[in-house]
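Undergrad: Build me a model:
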Amino acid sequence: EYRRLGEARELLGNPPVTAVTATATKEVQLEILEVLNCRDAVQIVTGFDRTNLAYRVINVPGDAAKLEALRTMLQTYPKPGLIYVGTRRESEMLAGVLQGWGVGAAYYHGAREQGERNRVQDDFQSGKLEVIVATNAFGMGVDKSNVRFIVHYRMPGTLESYYQEAGRAGRDGGEAHAALLYSLSDLITRKRLMEMNYPEEQLVRKVLRSLEDAPGTAGDVIGRLGGFNSTPVNVAVKLLLENGNLQSDGGAFRVVNAKKSVDYTKLHTRRRLEGVALEKVVGYAETSACRRAFLIGHFGERLPPCGKCDACDPSLGNLGSLPSPKARAPKTNRGAALVSNALLAATRGQRLPRDKLIKFVTGAESNMLEAAGLMRDPLYGSLRDAGRVTVSAALDKLLREGSLQLEAGCVVPSSGGAAFSNSSAGSSS
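TA: Numbering: from 1, shown residues only. Below you'll find the predicted structure:
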């Protein structure tokens, strides 16, 4: 980690150093100086504003609408372009979809063989490929100046990574587009991943006790404990190994110091900082102010409204009629309250992930709901007439307002208790 560079510099006799970074907030700049013990260093910041980039955020209710929006963008934006996705599997899937649309596309991720990755890069550089669908493994060291658009198909984890990846468009100074396809489901996924990457102290103690009873692999521990995802268990094992509680013996782990206390402070701090970073991405996606000013302001620069992002003027860079489904708005406030109250009632009865909850209240068929006996529940199908998109929008609103919250991937009433809307009071008509 770069935080240990100061130790290395000290071992070398504290020689003069030059520290260079593409994206760093003021806080990170100060941290770098502290790590390197160069508090009196000369700082040169050349500026973050890229005036030729037009920033846009497109709100989509789900993956079907996201695909349609992407198709419209590919028909509208000049090429070549890059599409950033969240997983290797998705890069392969989406590249196949684009090829089916007649787009010269290929996928790129870190697990692909080096020769194939080189071929994809060369074909993109030479113009043989129009679009690359990639994970964040693509970009380092790649300098193609005429990229005309960058689309983030999934929500990035930090504004720093978004700025850096979006900045790969328009390096020739020509007009270019940076678009984010934003949905609440992506935010939910990000938060769920964050939960798994930072296991609770109780789980860490369970993992330690399990390995104290009998040495084994992380897979053995998962089997013994039951009901836990592999990611938090693997993270817990790594934490205990780094802390000196465990020793690795081939693929297995055994306890060598069960009494050594674990310092959870760093873990909690990292989790808090990751949560703060994610909330800033949400702020960018949901702001009604200038997106360029918001993004560049994150790095400490103040800018006037740019006049060319979708927040400043939605007609600039208009994609035409994006075929995102429109919710059937309830005819009255009372109708909206009925939808919200039905969702609140459903979450009091059972714990369901977001997509399963929507299927439950809209009466959609589901093997999981049928196996759990929920298709015989009185609330099953209670919002069938409202429609999936309306219900999805109402559920998103309740999550944003805090009436509902996510707990272990399921939608549940908030800790303060879900309050039912009074708008539905009164006689029915």
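
Undergrad: ranges for the helices of the stretch 251-400 of the chain?
TA: With DSSP state H, counting those that start in this stretch as the definition, the stretch 251-400 of the chain shows helices at residue ranges 265-286, 291-297, 333-349, 354-362, 367-371, 388-401.

Undergrad: quick one, which of these is nearest to residue 408?
TA: Across those, the minimum distance to residue 408, taken as Cβ to Cβ, is reached by helix 354-362, at 12.4 Å. In short, each C-beta sits where N, CA and C put it, glycine included.

Undergrad: Could you check the closest one and say which residues are buried?
TA: Of the residues in helix 354-362, those with enough neighbours to count as buried (16 or more other Cβ atoms under 10 Å) are 354, 356-362.

Undergrad: which regions of the protein sit below the pLDDT cut-off?
TA: Filtered on pLDDT under 70, the chain yields the residue ranges 1-2, 140-142, 315-335, 349, 378, 415-429.

Undergrad: Mind jotting down where the strands sit in it?
TA: Ranges of strands in the chain, per DSSP state E, are 53-59, 81-84, 105-108, 131-134, 149-152, 176-182, 246-249, 252-255, 404-407, 410-413.

Undergrad: I'd like to know which of those strands is closest to residue 198.
TA: Each of these has some distance to residue 198 by Cβ to Cβ; the shortest is strand 404-407, at 14.7 Å.

Undergrad: what's the most buried one of the strands of the chain?
TA: Each of the strands of the chain was scored by mean neighbour count; the highest is strand 131-134, a mean of 26, by mean count of other Cβ atoms under 10 Å.

Undergrad: hmm, back to that, in a markdown table: the helices of the stretch 251-400 of the chain, plus distance to residue 309.
TA: Shown next, in a markdown table, are the helices of the stretch 251-400 of the chain (distance: least, Cβ to Cβ, whole Å):
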| stretch | distance to residue 309 |
| --- | --- |
| helix 265-286 | 11 |
| helix 291-297 | 4 |
| helix 333-349 | 30 |
| helix 354-362 | 29 |
| helix 367-371 | 41 |
| helix 388-401 | 22 |
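
Undergrad: thinking again about what came up before, between the strands of the chain, which gets nearest to residue 42?
TA: When those are ranked by proximity to residue 42, the top entry is strand 53-59, at 29.1 Å, counting by Cβ to Cβ.

Undergrad: can you give me the angle the closest one makes with helix 265-286?
TA: Direction vectors for strand 53-59 and helix 265-286, defined by axes from the mean of the first three to the mean of the last three Cα atoms, to 10 degrees, enclose an angle of 100 degrees.

Undergrad: For residue 284, the count of nearby residues, please.
TA: The local packing of residue 284 (other Cβ atoms under 10 Å) involves 22 other residues.

Undergrad: so what's it closest to, chain neighbours aside?
TA: Of all residues not flanking residue 284 in the chain, residue 294 sits nearest, at 5.4 Å (Cβ to Cβ, 6 or more residues apart in numbering).

Undergrad: list the contacts for that neighbour?
TA: Listed by Cβ atoms under 8 Å, 6 or more residues apart in numbering, the contact set of residue 294 reads 283-284, 287.

Undergrad: how about the residues you listed in a markdown table, adding distance to residue 98?
TA: Shown next, in a markdown table, are the contacts of residue 294 (distance: Cβ to Cβ, whole Å):
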| residue | distance to residue 98 |
| --- | --- |
| 283 | 31 |
| 284 | 26 |
| 287 | 30 |
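
Undergrad: Residue 168: which of those is nearest?
TA: Of all the contacts of residue 294, residue 284 has the smallest distance to residue 168: 17.8 Å, by Cβ to Cβ.

Undergrad: ok, that closest one to residue 277 distance?
TA: 11 Å (Cβ to Cβ, to the nearest Å).

Undergrad: Between these two, which contacts overlap?
TA: In the contact map built from Cβ under 8 Å, 6+ apart, the residues linked to both residue 284 and residue 277 are residue 159.

Undergrad: Tell me how many other residues crowd the closest residue to residue 171 other than its chain neighbours.
TA: Setting aside the residues directly before and after it, residue 171 is nearest to residue 145 in space (Cβ to Cβ, 6+ apart), at 4.4 Å. Other residues within reach of residue 145, judged by other Cβ under 10 Å, total 11.

Undergrad: right, and residue 145 touches residue 168 too?
TA: No: the pair formed by residue 145 and residue 168 falls short of the contact definition of Cβ atoms under 8 Å, at 9.8 Å.

Undergrad: Touching both of these two, which residues are there?
TA: With contacts defined as Cβ under 8 Å, 6+ apart, no residue is adjacent to both residue 145 and residue 168.

Undergrad: is it true that residue 134 touches residue 110?
TA: No: between residue 134 and residue 110 there is no contact, the gap being 9.7 Å when judged by Cβ under 8 Å.

Undergrad: Could I get the contacting residues of residue 98?
TA: Taking Cβ under 8 Å, 6+ apart as the criterion, residue 98 is in contact with 74, 105, 131, 133.
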